[in-house]
Each structure stands twice: as C-alpha cells, then as structure tokens.
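Peer 1: This is a predicted model, with the sequence first.
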Amino acid sequence: MILLAALVLLSAPAAATSGTQQLEEKMNQIIALQKRISEKITLAEGILRQLDEQLDGLAVEIQDQRLRAGVLAYRDAVRLQGLDYRLRLAQQLLSYIRQLQEKIALFRDGSRQLTFLYQEATDDLKIIQTLSHLRLDDFIARTDRVVAYLQGELSAHLVKAAGVRYQHTAATWEAVLTRH
C-alpha cells in the first residue's frame, strides 16, 4: 500500500509537467499562428486598399462616360460597349472586395478565438496542479480544432476567381453611381 502511494505521489509531478509542456506547446502554436494571421490581415488590407482605389478610378470613368453619353438608366448603360465593360470590371472588383472583407473578418474572429484560448492556457498553467486531465484534453482538442481550421484558411487564397458570385450588373451600376 505504501509503495502504491509513493508511486502515485511520484507520478503526479510528471503528469503535471506533461500537462505543462502540452499547454506551453499549444501557447507557442497559438503565438505563431496569431503572427501568421496578423501578417495575412496586413496583406489582405493592402490588397483591399488597392482594389478600392481601382474601383474608385473605375467609378469616375463610368460616371464620366455616363455623363458624356447622357445615360441615366442602367438598361441604356449596358448597351454601350465601353460602359458595359467597365461595369463588368466594377462587378468583379466588388466581388473581390467582398471576399477580402469576409476573409479579414474571419481572420480577426480567429485571432480573437486564439487570444481567448491563450488566456485560458495561461490561467490553466497557473492552476495546473488542480487541473483535471479531462479538462486539459478538452482544451487541447478545442485548440487543435481552431488551429487546424485557421491554418487551412491561411493556406488558402485570399480571393478566388473561380466560382465567384457576382452581383447583377444593375446592382453594380447602383453601387458605382453612389460610390462618391
């Protein structure tokens, strides 16, 4: 009986150390992933600004051509080859902008989730001796799910040209006319 109690006491610090190491590994993984997310957000925001500037320029061209041709209605605008072409370009830009905005929002949300998980790991490290193994396993599983999902999103293209959902050019027409 004494031998069993001694074995339990000797194995407790090892289990705590193992749990501590697992938490520290997850915390390092979270820090690395948050850095990648931050870099991707910065990249996406730069691309978003460029696309927004291109859309502004295109909106000015559309407005100028619309005024020169005396076009007031969408149905007349699509009959003019140059105006219709510019509307389709604006339609594509708006779709890419929307995709980037969605990706940035996803990354920001993911970063908030990782911040929460990091804080939880910090708290758990403080109470590792009383932390149940089940709770640690649950935390690691949740962290692994969030990390795996975000790593997949970080590896994906920010904007996908294939399978893009375009709004109708009539909606693009309205968006361009109300842009500035």
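Peer 2: Thanks, I have the structure now.
Peer 1: Could you tell me the end-to-end distance of stretch 146-164?
Peer 2: 26 Å (C-alpha to C-alpha, to the nearest Å).
Peer 1: contacts for that stretch?
Peer 2: Stretch 146-164 has contacts (C-beta atoms under 8 Å, 6 or more residues apart in numbering) with 29-30, 33, 36-37, 40, 43-44, 47, 92, 95-96, 99-100, 103, 106-107, 110, 113-114, 117. Just so you know, the C-beta spots here come from the backbone N, C-alpha and C atoms, and that holds for glycine as well.
Peer 1: From these, list the buried ones, please.
Peer 2: Buried by 16 or more other C-beta atoms under 10 Å: 29-30, 33, 37, 40, 44, 47, 92, 95-96, 99-100, 103, 107, 110, 113-114, 117, out of the contacts of stretch 146-164.
Peer 1: Restricted to helices, list these.
Peer 2: Applying DSSP state H to the buried ones among the contacts of stretch 146-164, the entries found in helices are 29-30, 33, 37, 40, 44, 47, 92, 95-96, 99-100, 103, 107, 110, 113-114, 117.
Peer 1: mind checking how far the residue nearest the centre of the chain is from Ile41?
Peer 2: Computing the C-alpha centroid of the chain and ranking residues by C-alpha atoms, centre = their mean puts Phe107 first, at 2.4 Å. Distance of Phe107 to Ile41, given as C-beta to C-beta, to the nearest Å: 5 Å.
Peer 1: Any idea how many residues pack against Glu24?
Peer 2: 12 (other C-beta atoms under 10 Å).
Peer 1: if I pick it, what's in contact with it?
Peer 2: Glu24 makes contacts with Leu125, as judged by C-beta under 8 Å, 6+ apart.
Peer 1: Return the distance of the strand or helix carrying it from the chain's centre.
Peer 2: Per DSSP states H and E, Glu24 falls inside helix 2-69. Its chain's C-alpha centre and that of helix 2-69 lie 8 Å apart, by C-alpha atoms, centre = their mean, to the nearest Å.
Peer 1: just checking, next helix/strand downstream of it?
Peer 2: Next along the chain after helix 2-69, with elements defined by DSSP H and E, is helix 74-77.
Peer 1: give me every residue that touches Thr169.
Peer 2: Counting by C-beta under 8 Å, 6+ apart, Thr169 touches Tyr74, Val78, Asp84, Leu87, Arg88, Gln91.
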